[in-house]
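**Q** Build the 3D model from these lines:
(4 chains)
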There are 2 protein chains.
Amino acid sequence: MRVSAKADYAVRAAAELAAAGDDGPVKGERLAEAQDIPLQFLEHILLELKHHGIVRARRGAKGGYWLARPADEVTIAEIVRAVEGPIAHVQSTPPEDIEYRGNSKALQEVWIAVRASLRTVLEEVTLADLVSGELPGVVSDLAATPDAWVAR
Amino acid sequence: MRVSAKADYAVRAAAELAAAGDDGPVKGERLAEAQDIPLQFLEHILLELKHHGIVRARRGAKGGYWLARPADEVTIAEIVRAVEGPIAHVQSTPPEDIEYRGNSKALQEVWIAVRASLRTVLEEVTLADLVSGELPGVVSDLAATPDAWVAR
DNA sequence: CGCACTTCTGACCTAAGTGGTCAGGAAAGT
DNA sequence: ACTTTCCTGACCACTTAGGTCAGAAGTGCG
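**A** Numbering: from 1, shown residues only, chains lettered A, B, ... in the order given. Here you go, the predicted model:
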């Protein structure tokens, strides 16, 4: 139920790429500096993003990374899945495949709801939203209640 | 972003206790059988639940476990926190404490929204809801859309 | 009291995941 | 040819996941 450093780094680097737009490729080093991420670790992450078709890259001088698709077509969910794997799996199996017995039969529905609620946030926010700072209504509403900002 | 076996087991065992109600303590062995959980692992989990004041226990013949509070006052969120720690932390720190720079400034709001959406599910469902099979409106609505049941 | 029963606790184990670093290879530009 | 930058795999320390094992300690009953 936690967000890994890798996922966090991946989204931040992608946001930086989204902001760069069509101004040519951005070097890994610049991304690392902009978001204060260990360079060599970041390059592994960018490679994963590339393998998942989220990012493209070119080597050599004038090389670097850029988004494979427009920033408003890339969701945070996609990026998280690329580096962390499927969202909200239980014991490494998708909730729809689990069978519960006895008094916990309804638990499957709960885990499904958990995944659905995560999706409503992560699949709604695109990189374009993120860099513009204007998050979709559902999301900013969720974050608007002061209660959401206190620990528990 | 995944649910551990421990959390799953903990909730299922607690559901079984909720169903048992006031019919005296339930042995670990019976819980393990009812939910098909490795006994010795389960006992460690029950101990954690006890330390968090969710469960009580007595040893010896006629001993066993029972809920420390009525089933409709124990939420799934509590149980998950007891065994997995805080929900939706990023790099092991709470989202409200993170500071982002540059183009990912809005990311903090996203993680806050993620946590808030998880809370709306996990803090809403009690053990009583779970064993009765009648989940709160918000939750069953989320699970009602067919889309929620397909992988991605 | 003595005994069976059950929880409690800590030590231990293997495998995998986290969060990296290091060294070198391979394309691209000049 | 040479520099630049990505690409790839190996490695590493530490923690977590998912357990097992052995034994200590409290509890009830005859």
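**Q** What parts of chain A come near DNA strand D?
**A** With C-beta under 7 Å from any atom of the strand as the criterion, chain A comes near DNA strand D at residues A:25-29, A:40, A:43-44, A:46-47, A:50-51, A:57-65, A:91-92. Any C-beta I mention is one placed from the backbone N, CA and C, and that applies to glycine too.
**Q** Are any of these buried, and if so which?
**A** Among those, those classed as buried by neighbour count (16 or more other C-beta atoms under 10 Å in any protein chain shown) are A:25-26, A:28, A:43, A:46, A:57, A:64-65.
**Q** wait, which of those is closest to residue B:16?
**A** Nearest to residue B:16, judged by C-beta to C-beta, of those is residue A:46 at 46.5 Å.
**Q** mind putting the buried ones among the residues of chain A next to DNA strand D in CSV, distance to residue A:123 and pLDDT included?
**A** Shown next, in CSV, are those (distance: C-beta to C-beta, whole Å; pLDDT from 0 to 100):
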residue, distance to residue A:123, pLDDT
A:25, 28, 97
A:26, 25, 98
A:28, 27, 98
A:43, 27, 98
A:46, 22, 98
A:57, 25, 97
A:64, 28, 97
A:65, 23, 98
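**Q** for chain A, what spans make up the helices?
**A** Using DSSP state H, the helices of chain A run over A:5-20, A:28-35, A:39-51, A:76-84, A:107-122, A:127-132, A:137-144.
**Q** Format those helices as TSV; extra columns: distance to residue B:78.
**A** Below are those laid out as TSV (distance: least, C-beta to C-beta, whole Å):
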stretch	distance to residue B:78
helix A:5-20	26
helix A:28-35	35
helix A:39-51	34
helix A:76-84	25
helix A:107-122	14
helix A:127-132	32
helix A:137-144	21
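**Q** So for residue B:123, which of those helices sits nearest?
**A** Closest approach to residue B:123 among the helices of chain A is made by helix A:107-122 (11.7 Å; C-beta to C-beta).
**Q** rewinding a little: would you mind marking which of the residues of chain A next to DNA strand D are also close to chain B?
**A** By C-beta under 8 Å from any C-beta of the partner chain, the members of the residues of chain A next to DNA strand D lying near chain B are A:91-92.
**Q** Now do residue A:97: how many residues are near it, please.
**A** 10 (other C-beta atoms under 10 Å in any protein chain shown).
**Q** Would you mind measuring from it to residue A:91?
**A** The spacing between residue A:97 and residue A:91, counted by C-beta to C-beta, to the nearest Å, is 10 Å.
**Q** mind listing what residue A:77 touches?
**A** Applying C-beta atoms under 8 Å, 6 or more residues apart in numbering or on different chains to residue A:77 gives the contacts A:87, A:119, A:122-123, B:152.
**Q** mind checking pLDDT for residue A:24?
**A** We note a pLDDT of 83 for residue A:24 in this prediction.
**Q** Roughly how far does it sit from DNA strand D?
**A** 11 Å (C-beta to the nearest atom of the strand, to the nearest Å).
**Q** Which of the contacts of residue A:77 has the largest number of neighbours?
**A** That'd be residue A:122 among the contacts of residue A:77, by other C-beta under 10 Å, with 23 neighbours.
**Q** who's in contact with the closest residue to residue A:133 other than its chain neighbours?
**A** Among residues not flanking residue A:133 along the chain, residue B:106 sits closest, at 4.7 Å (C-beta to C-beta, 6 or more residues apart in numbering or on different chains). Taking C-beta under 8 Å, 6+ apart, we find residue B:106 in contact with A:129-133, A:135, B:100.
**Q** what's the answer for residue A:12, then?
**A** Contacts for residue A:12 (C-beta under 8 Å, 6+ apart) come out as A:35, A:37, B:100, B:103-104, B:107.
**Q** Looking at these, which is nearest residue A:112?
**A** Nearest to residue A:112 among the contacts of residue A:12 is residue B:107, at 26.4 Å by C-beta to C-beta.
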